[in-house]
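Novice: any chance you can model this:
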Amino acid sequence: MKNLKLVCIYVIIGTIGLGLYDLGFSEEQKKPEIRKLLHNQLSKQLADSCDAIIDYVKMPANTTLQWHRHPGEAFHYYLEGQVTIEIEGNESIQGTPGTVGHVPYRALHRAITGESGATVIVFRVHHEDEPIQYTDDPDSKTQ
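Specialist: All right, here's what the predicted structure looks like:
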């Protein structure tokens, strides 16, 4: 009888745990929302073979994005929340509303949010026909 009670308790705890997982506490929930606002080729007289890309990025709370790099320069305007941008070989950026940040050409970096998450406008200038980013694996490309 005692073992049956323990089994019932474990089943109830497991069911509650699975229910919480299904309510949005999964790793998939940690992906940022990214909306492309603009993607245009720059004038050949100004910057031959370069694109300008502006994205709206909303990062969930308590999220650490993977290390990655872009095939160009990235500039950030922080709208909401707080985010730390760690940049390999450089000082971290503390992004707060109304401030701006710059990630140097092809610099390996990642974003880390706190309890409030963060909303950022990201402006990039990069070589056309290259993926939007590379992960820290040099052979990995993502669009």
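
Novice: residues contacting residue 89?
Specialist: By Cβ atoms under 8 Å, 6 or more residues apart in numbering, the contact set of residue 89 is residue 107. Just so you know, the C-beta spots here come from the backbone N, C-alpha and C atoms, and that holds for glycine as well.

Novice: quick check: it vs residue 106, distance?
Specialist: In this view, residue 89 and residue 106 are 11 Å apart by Cβ to Cβ, to the nearest Å.

Novice: for the protein, give me the ranges with low pLDDT.
Specialist: 1-29, 136-143 (pLDDT under 70).

Novice: helices along that one, start to end?
Specialist: 2-22 (DSSP state H).

Novice: please parse it into its domains.
Specialist: Domain ranges of the chain: 1-29, 31-142, per automatic domain parsing.

Novice: what is the burial count for residue 45?
Specialist: 6 (other Cβ atoms under 10 Å).
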